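J.: predicted model, plus sequence, below.
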Amino acid sequence: MSDAFDTNDAGVLRFITAGSVDDGKSTLIGRLLFDAKGLLRDQVAAISKARAGESDGEIDLALVTDGLESEREQGITIDVAYRYFATPRRSFIIADAPGHEQYTRNMVTAASNAEAAVILIDASRIAGKGLKAQTRRHATIAKLMGLKVIVAINKMDLTGWSRAVFEEIRDHFARVARTLGIDDPIYVPIAAKHGDNVARLTPQTPWYEGPTLLEILETLDASRRNDGVFRLPVQRVLRMPDGARAYAGRIASGEVAVGREITVLPSGQTAVVEAIRTFDGAYSAALEGQSVSIVLDRDVDVGRGDSLASTEGRTTRAFVADLCWLDEAPWEKGRRYLLKQGSRTTQALIDGIVYVREMTELAEVGEASGLKLNDIASVKVKLRDPIIADIYSERPATGAFVLIDATSNQTAAAGMIREAA
Amino acid sequence: MSALAKPHRLSHLDVLESEAIHIIREAAGERTNLGLLFSGGKDSAVVLHLATKAFWPEKLPFPLLHVDTGHNFPEVLEFRDATARRLGERLIVREVEGSILRGTVKLARAEASRNAAQSVTLLEAIEEFGFDALIGGARRDEEKARAKERIFSHRDEFGAWNPKAQRPELWSLYNARINAGEHMRVFPLSNWTERDVWAYIAREGIALPSIYFTHKRDVVRRDGLLVPATALTPPRVGETVESVSVRFRTVGDITGTCPVESTAATVDEILAETEIAELSERGATRMDDRTSEAAMERRKREGYF
């Protein structure tokens, strides 16, 4: 058997959907799955059955994504749900992030593994009023995490397909995008409930020539910004059949080739790649995203938590980072947290808050004294042991870290290195 | 040792494979006493194959564990044992029957489905061996509650999943820290679909139990399902037993798993059928999940996989 079924390789696009409970987000996802034939007959039957009694005979597409019983009772989605569908051009993974303000941590979770964000705005309720705080929060997180932004202006049918309303909302969002530094957001007017401009162009918007939302998703450049520099966090040391030690891990960024000189971080020792081994055989070179085992030409001291890197790689024990606080328990000044970057865990201390971002005007507030759930801030971090000094915008896979509360074991914060000392 | 060329770019399956290997290695790096749940079913066969790749050329740094309901298809158990023997890996089997004898499982009827009872036996095995992480083959596309579960999923000291207190899971930075008595469940196939699993089985030439492929079987037609006519699941009064060409899309407890009509004799033919399938894998084959839309979530809160 060949790779005949391993096709449609415009690859995979992972995207998140962000919108408030009433913006029609669940309906949009249901619509994308329904129109792309991502729903099977019993799943359609289940959502018809789920609200028997209050249904008017129309399938409620929103119910496709409302997975958990406890949420079903509240009528809102409270956690990240993953959905899968494919068109002949591309496979898609949707991370459905909830819109409720208090659940920002779930949007951050979803965004961390996505390339794009579809931000949903209810056109019928924004006309003449300006954007909701939530939309600004979604845009802030999308920018923070380095996502491409698509703005789906929904419920256009309720505005009489008004071009003026579409342009008003677009201009509002463009101002936010400029403030935050989001490059080239894409705008599309839709009515998810009826499928207009989702998978097919609607005659209702002669002033909008396309593309449809699905076409935008199919053709979006999915590569995350990454400067191609080699990094491999070592997960485990394996003994090869010939007795050589091999350093197993997934290439976080860049490429590696036999004969290439590398540096071990944080020790700074250098060595040359002698072999790239896997269960399936040896490679002459390997790419970002591949799980491989690397044999070096000399004895160096390498273990789990160390990284193999291109020779310019540096480490740091102090840096400035953007932080999303994700824990119910607020940050405690002077408290040590565990920091995980790649396969390395060390102790960290937040040494000062540079600013907390206020969400109405998006201003940077300098005199903040604490960090609580859903806060987005810029902070100074100090470490016990050095980690790789990578900047998130250049190398997201190694520029990212999490903070863990060693007492509760909760994941307390998501961090992105902006500036290494 | 032949040198492979450098891959031009990673395909969809390459990405899923490397991600799963990374997850399995992280589990083994962060926890000390792991087990890999291996039932002989196709998803667990794929996870076992990926684990073999993750630690090659070394043996697995953990044993295989199967919770046997006592109602399994004999072909699947033979395959389970033969696979563990072939790989030279340690296989631990714990039986629901044992929990019944100990009195920790009480069934309403002797022939009742033992699917839910598995949770009790599983938790007893976790305690007996002190497992602090179990790797399993669950996929998010199987079912709505699973669609929301993390790749590294925390279980409290009662083995329960709390969907409202899940840890945020960011990038590939998995938090596997636990307190004494708790454990993690780790799902390397979280992002795989049924189609991906079959495509990967085809690409890698992964062996499976024979009942995944077409065979003649005595069944009765009941509520749109093909229910196997066995000693455990006898036909009801008025039902007619037919011999039909079928295959299983999932395998589990005999009392709860139904085959689908199929003449697919190879993985390629199964893939072709999967492309045009009208029913989801669980909807077509699992009696227990049809009881209610929320059945899985309730079972998982009680410690089910």
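T.: Done, it's in.
J.: neighbours of residue 125, how many?
T.: Using chain A here. For A:R125, the neighbour count with other Cβ atoms under 10 Å in any protein chain shown is 15. Any C-beta I mention is one placed from the backbone N, CA and C, and that applies to glycine too.
J.: the chain in question should be chain B.
T.: Neighbours around B:A125, by other Cβ under 10 Å: 22.
J.: what ranges does the stretch 201-350 of chain A have for its helices?
T.: For the stretch 201-350 of chain A, the helices defined by DSSP state H, counting those that start in this stretch cover A:213-219.
J.: what residues does it put near chain B?
T.: Residues of the stretch 201-350 of chain A lying close to chain B by Cβ under 8 Å from any Cβ of the partner chain are A:235-236, A:238-241, A:248-250, A:257, A:278-287, A:289-291, A:293, A:304, A:326, A:338, A:340-343.
J.: which ones are touching A:Q410?
T.: Neighbouring residues of A:Q410 by Cβ atoms under 8 Å, 6 or more residues apart in numbering or on different chains: A:D327, A:E328, A:A329, A:I404, B:R167.
J.: next, it: phi, psi?
T.: Note on A:Q410: backbone dihedrals following degrees, to the nearest 10 are phi -70, psi 150.
J.: now A:D297
T.: In terms of degrees, to the nearest 10, the main-chain angles of A:D297 are phi -80, psi -10.
J.: and for the one 4 residues further on?
T.: The phi/psi pair for A:D301 (degrees, to the nearest 10) reads phi -90, psi 100.
J.: now, of the contacts of A:Q410, which are buried?
T.: Among these, those classed as buried by 16 or more other Cβ atoms under 10 Å in any protein chain shown are A:D327, A:I404, B:R167.
J.: residue of the stretch 51-200 of chain B closest to chain A, please.
T.: The nearest approach of the stretch 51-200 of chain B to chain A comes at B:K144, 3.4 Å away (Cβ to the nearest Cβ).
J.: distance to A:F34 and pLDDT added to the buried ones among the contacts of A:Q410, as a markdown table?
T.: Listed next are the buried ones among the contacts of A:Q410 as a markdown table, based on distance: Cβ to Cβ, whole Å; pLDDT from 0 to 100:
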| residue | distance to A:F34 | pLDDT |
| --- | --- | --- |
| A:D327 | 37 | 91 |
| A:I404 | 40 | 97 |
| B:R167 | 32 | 88 |
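J.: tell me the one of those nearest B:N72?
T.: Of all the buried ones among the contacts of A:Q410, the one with the least separation from B:N72 (Cβ to Cβ) is B:R167, at 33.8 Å.
J.: could you look up the SS state of the closest one?
T.: Classification of B:R167 by DSSP: H, G, I helix; E, B strand; the rest coil places it in coil.
J.: which helix or strand contains A:E168?
T.: Using DSSP states H and E, A:E168 sits within helix A:163-180.
J.: for that helix, C-alpha coordinates in CSV please.
T.: The C-alpha atoms that make up helix A:163-180 are tabulated as CSV, following Å, rounded to 0.1, in the frame of the first residue of the first chain:
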residue,chain,number,x,y,z
ARG,A,163,-22.5,47.2,3.0
ALA,A,164,-22.2,50.2,5.3
VAL,A,165,-22.5,48.1,8.4
PHE,A,166,-19.8,45.7,7.1
GLU,A,167,-17.5,48.5,6.4
GLU,A,168,-18.2,50.2,9.7
ILE,A,169,-17.2,47.1,11.6
ARG,A,170,-14.2,46.5,9.4
ASP,A,171,-12.9,50.0,10.1
HIS,A,172,-13.5,49.5,13.9
PHE,A,173,-11.5,46.3,13.8
ALA,A,174,-8.8,47.8,11.6
ARG,A,175,-8.1,50.5,14.3
VAL,A,176,-7.7,47.7,16.9
ALA,A,177,-5.5,45.8,14.5
ARG,A,178,-3.3,48.9,14.1
THR,A,179,-3.0,49.4,17.8
LEU,A,180,-1.9,45.8,18.4
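J.: buried ones in that helix?
T.: For helix A:163-180, by 16+ other Cβ under 10 Å, it's A:V165, A:F166, A:E168, A:I169, A:H172, A:F173, A:V176, A:A177, A:L180.
J.: where does pLDDT dip in the stretch 101-250 of chain A?
T.: Residues of the stretch 101-250 of chain A that meet the criterion pLDDT under 70 lie in A:101-103, A:127, A:223-226.
J.: quick one: the strands in it?
T.: With DSSP state E, counting those that start in this stretch as the criterion, the stretch 101-250 of chain A has strands at A:116-122, A:148-154, A:186-189, A:231-233, A:236-239, A:245-250.
J.: for chain B, longest helix please?
T.: Longest helix of chain B, by residue count under DSSP state H: helix B:12-30.
J.: tell me the angle of it relative to strand A:245-250?
T.: Put simply, helix B:12-30 runs at 120 degrees to strand A:245-250, going by axes from the mean of the first three to the mean of the last three Cα atoms, to 10 degrees.
J.: packing partners for helix B:12-30?
T.: When contacts are defined as 3 or more Cβ pairs under 8 Å, 6 or more residues apart in numbering or on different chains; DSSP states H and E, helix B:12-30 packs onto strand A:236-239, strand A:245-250, strand A:291-296, helix B:42-55, strand B:133-135, strand B:183-186, helix B:194-204.
J.: got JSON lines for the buried ones among the contacts of A:Q410, with distance to B:T193 too?
T.: As requested, the buried ones among the contacts of A:Q410 are exported to JSON lines (distance: Cβ to Cβ, whole Å):
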{"residue": "A:D327", "distance to B:T193": "33"}
{"residue": "A:I404", "distance to B:T193": "31"}
{"residue": "B:R167", "distance to B:T193": "25"}
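J.: closest to B:V15 out of those residues?
T.: B:R167 (24.1 Å).
J.: just give the closest residue to that closest one, not the sequence neighbours.
T.: Leaving aside its sequence neighbours, B:R167 sits nearest to A:T411 (Cβ to Cβ, 6 or more residues apart in numbering or on different chains; 4.6 Å).
J.: okay, the buried residues of helix A:163-180 in CSV with distance to B:V241 next?
T.: Output for the buried residues of helix A:163-180, formatted as CSV (distance: Cβ to Cβ, whole Å):
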residue, distance to B:V241
A:V165, 64
A:F166, 63
A:E168, 68
A:I169, 63
A:H172, 67
A:F173, 64
A:V176, 67
A:A177, 66
A:L180, 67
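J.: from the residues you listed, which is closest to A:V320?
T.: Taking Cβ to Cβ as the measure, A:L180 is the one of the buried residues of helix A:163-180 closest to A:V320, at 18.0 Å.
J.: quick one: contacts for A:T202?
T.: Counting by Cβ under 8 Å, 6+ apart, A:T202 touches A:A191, A:D196.
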